[in-house]
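>>> how would this look folded up:
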Amino acid sequence: EGAYKSVYKVWNHIQHRMEAISVMDVKSILEMGNEEVIRQEVQVSTLLSELVTDNKCPNFIETYQVFQFAFAPPEELWKMDPFSECSYEQQYLATLAKKKQKSRKSKSMKTYEPKTKKSCHTYIRMELCDGGDLETYLRNEEVDNNGGSLTQDDEIAAFMFQMIISLAIGQDEMNLRHYDVKLLNFFLKSVSIEDEGNNTTDLSSVQIASYMYHDQLYQITAPRERPYIVKLADYGTADISPETLGLPISMAQFTTLENVSPDFYIFGANAKQDYNADAFSLGLSFLHLLTGSMPYEEILEDVTCPKEFVEAWRQAWGERMDASNDGQYISLKRILRYDENINTVPNTLYRFFVMLGLPNLVSNGAESNTGDNILSYDYKENPILATVKKMFKLTYKRSSGGSKKAKKKIKMLQGKGKLFENYSKQCKEFNIFNGTNEYMQRAQERMETIAGAEDLLKQLLHYAPSKRISMRNAIEHEMFSLFKSAAASSETTTTTMN
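Below you'll find the model as predicted:
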């Protein structure tokens, strides 16, 4: 997973099972100034693993052991092959070499001399998720179905429920803020199913897990041929410290830039560290599930931020301004230094505006997300939004008719110029809820057949952080009514089919 970390699949001959081993190059991490990554990865993975061991939540990777060794894995014993391919990260599958290498005597192993220089590597033994990551799973399904998706509506709901409850229980038990929620960090592990005692009457599906969460029992089912438990992984940028809740955001919260909450880009240090950032990223993951294909940034690959916006936003973010503005966007400014030729940050914010509409803008007869009670989406005061107002030549108009409260509400109704005209065309194609793009239409069709899916997606992708749905309320959302069962207990417990 990047330059300093690899993941291997190995056989544990003592436990008689396949395991995953994460190997982090400590020296490289220290040279990059990211020593906090090691501490976070080890601490958070170990603590979350206890939730699995204690039967509180099966939706985390179980950690078996953490140790350090002077050398990297020997290539002659662990053959390197691609484990999964993606746009931003590469994981590796290492298998033991041929059978004759497995049967080497211990004496020959003791005489092994590593070819690499002595260094320091942190090894983490973990349970193996045989289904791989959820993004690759969707891609493979699309290939197997000639461009379509084999994933069923109930299966999407089951995946989404497990993704939500992993965050919910992580928050409840450990104040978890993951800050890198995406399908690449959710893994699938198959569970063995015994028909005896299985509560489902549908022969095509099986019960894979049950949860008692705040007095409500949820029984999760999956297709019989794909009985997967979803597990959240990769905790290198996660935070479980209660002391940081409510503090201004820092550079540490900018992980996968395409999945960063838009308020981080718009408000900088005025945005706060809390659980709402994960809610927005989870919304993007939900959209990914609904399209059944690829992450939004690949769908909108040809939608790029106009150069006029790039230049103005970079200036506003402090890239070409004096120190008076650096206080608000100082964390983002440091990131932009590495993004100067790629423009991932401005492209990401612009694509959010295309998919979701502008904050407080009324278009196509429907109002988009409104402002936050703490963060004001003021197109005059905020430098990022002021650029939007100027470039799109947006005008204000007071609403007419209705209650007194409605009359006082100001809405931006129209823009002018070529930039706005081009933006409007992009919205018509790529808007999540009414765009004509084939993948957005696939998501829209899913939202029509999955009760409550559209409402849940809108609540997760709200521009205003405080108005995004909490993970606890998301669990209770109507979309997951099909999993509810009668119960009477106030404890949070889980069981998983073995």
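
>>> can you give me the mean pLDDT across stretch 254-270?
Averaged over stretch 254-270, pLDDT sits at 93.

>>> again with stretch 290-302
94.

>>> and it, how far apart are its ends?
Criterion CA to CA, to the nearest Å; first-to-last residue distance in stretch 290-302 is 21 Å.

>>> quick one: buried residues of that stretch?
For stretch 290-302, the neighbour count (16 or more other CB atoms under 10 Å) marks 290, 291, 292, 293, 294, 295, 296, 297, 299, 300 as buried. Just so you know, the C-beta spots here come from the backbone N, C-alpha and C atoms, and that holds for glycine as well.

>>> my guess is residue 179 meets residue 277, correct?
Yes: with contacts counted by CB atoms under 8 Å, residue 179 reaches residue 277, the gap being 6.4 Å.

>>> where do the strands sit along the stretch 251-400 of the chain?
With DSSP state E, counting those that start in this stretch, the ranges of strands along the stretch 251-400 of the chain come out as 362-363, 366-367, 395-398.

>>> identify the residues contacting the nearest residue to residue 126 once chain neighbours are set aside.
Excluding the flanking residues, the one nearest residue 126 by CB to CB, 6 or more residues apart in numbering is residue 20, at 4.7 Å. Residue 20 makes contact with 7, 8, 9, 10, 61, 125, 126, 127, 128, 129, according to CB atoms under 8 Å, 6 or more residues apart in numbering.

>>> can we see that at 7 Å?
With contact taken as CB atoms under 7 Å, 6 or more residues apart in numbering, residue 20 is in contact with 7, 8, 9, 126, 127, 128.

>>> got it, and residue 278?
167, 177, 178, 181.

>>> gap between residue 122 and residue 28?
11 Å (CB to CB, to the nearest Å).

>>> ok, those two, which is more surrounded?
residue 122 (18 against 15; other CB atoms under 10 Å).

>>> before we move on, back to that, now intersect the contacts of residue 278 with the helices, please.
residue 167 (DSSP state H).

>>> out of the contacts of residue 278, which comes closest to residue 214?
For those, the residue nearest residue 214 by CB to CB is residue 167; the value is 14.9 Å.

>>> which residue, other than its chain neighbours, is closest to that closest one?
In space, residue 167 is closest to residue 471, 4.8 Å off (CB to CB, 6+ apart).

>>> tell me who's in contact with that neighbour.
Contacts of residue 471 by CB under 7 Å, 6+ apart are 164, 167, 168, 171.

>>> follow-up on the earlier one: between residue 179 and residue 277, who's got more neighbours?
Using other CB under 10 Å as the criterion, residue 179 and residue 277 rank with residue 277 on top: 26 against 23.

>>> just the buried residues of the contacts of residue 278.
Among the contacts of residue 278, those buried by neighbour count (16+ other CB under 10 Å) are 167, 177, 178, 181.

>>> let me know the average pLDDT across stretch 390-397.
85.

>>> now it: buried residues?
Buried positions in stretch 390-397, judged by neighbour count with 16+ other CB under 10 Å: 391, 392, 394.

>>> could you do stretch 378-390 as well?
379, 382, 383, 384, 385, 387, 388, 389.

>>> relative to residue 420, which of those residues is nearest.
residue 388 (9.7 Å).

>>> in the protein, where is pLDDT below threshold?
1-4, 31-35, 75-119, 142-150, 194-203, 319-326, 361-374, 396-413, 487-498 (pLDDT under 70).

>>> ok so, going back, of the buried residues of stretch 390-397, closest to residue 155?
Of all these, residue 155 sits closest to residue 392, with 40.6 Å by CB to CB.

>>> how about the contacts made by that closest one?
Contacts of residue 392 (CB under 7 Å, 6+ apart): 415, 417, 419, 420, 423.

>>> give me that answer again for 10 Å
309, 353, 358, 361, 379, 412, 414-417, 419-421, 423-424 (CB atoms under 10 Å, 6 or more residues apart in numbering).

>>> cool, and residue 330?
With CB under 10 Å, 6+ apart, residue 330 has these contacts: 248, 250, 251, 268, 269, 317, 318, 323.

>>> buried only: go through the residues you listed for me.
248, 268, 269, 317, 318.

>>> what helices or strands is the helix or strand where residue 28 lies leaning on?
Using DSSP states H and E, residue 28 sits in helix 26-31. Contact here means 3 or more CB pairs under 10 Å, 6 or more residues apart in numbering; DSSP states H and E; on that basis helix 26-31 packs against helix 35-53, strand 121-127.

>>> CA atoms of that helix as PDB?
The C-alpha coordinates for helix 26-31 follow below in PDB (Å, rounded to 0.1, in the frame of the first residue of the first chain):
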ATOM      1  CA  VAL A  26      10.200   1.900   9.500                       C
ATOM      2  CA  LYS A  27      13.300   3.700   8.000                       C
ATOM      3  CA  SER A  28      11.400   4.900   5.000                       C
ATOM      4  CA  ILE A  29       8.600   6.100   7.100                       C
ATOM      5  CA  LEU A  30      10.900   8.000   9.400                       C
ATOM      6  CA  GLU A  31      12.700   9.600   6.500                       C
END
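
>>> residue 125: neighbour count?
17.

>>> the one 10 residues further on now?
One way to gauge burial is a neighbour count; for residue 135, by other CB under 10 Å, it gives 23.

>>> for it, which non-adjacent residue is closest in space?
Residue 135 sits nearest to residue 183 (CB to CB, 6+ apart), 4.0 Å away.

>>> ok, now residue 60?
Distance criterion CB to CB, 6+ apart; nearest residue to residue 60, sequence neighbours excluded, is residue 48 at 4.2 Å.

>>> re the thing from before, and the helix holding residue 28, what's buried?
Buried, per 16+ other CB under 10 Å, within helix 26-31: residue 29.
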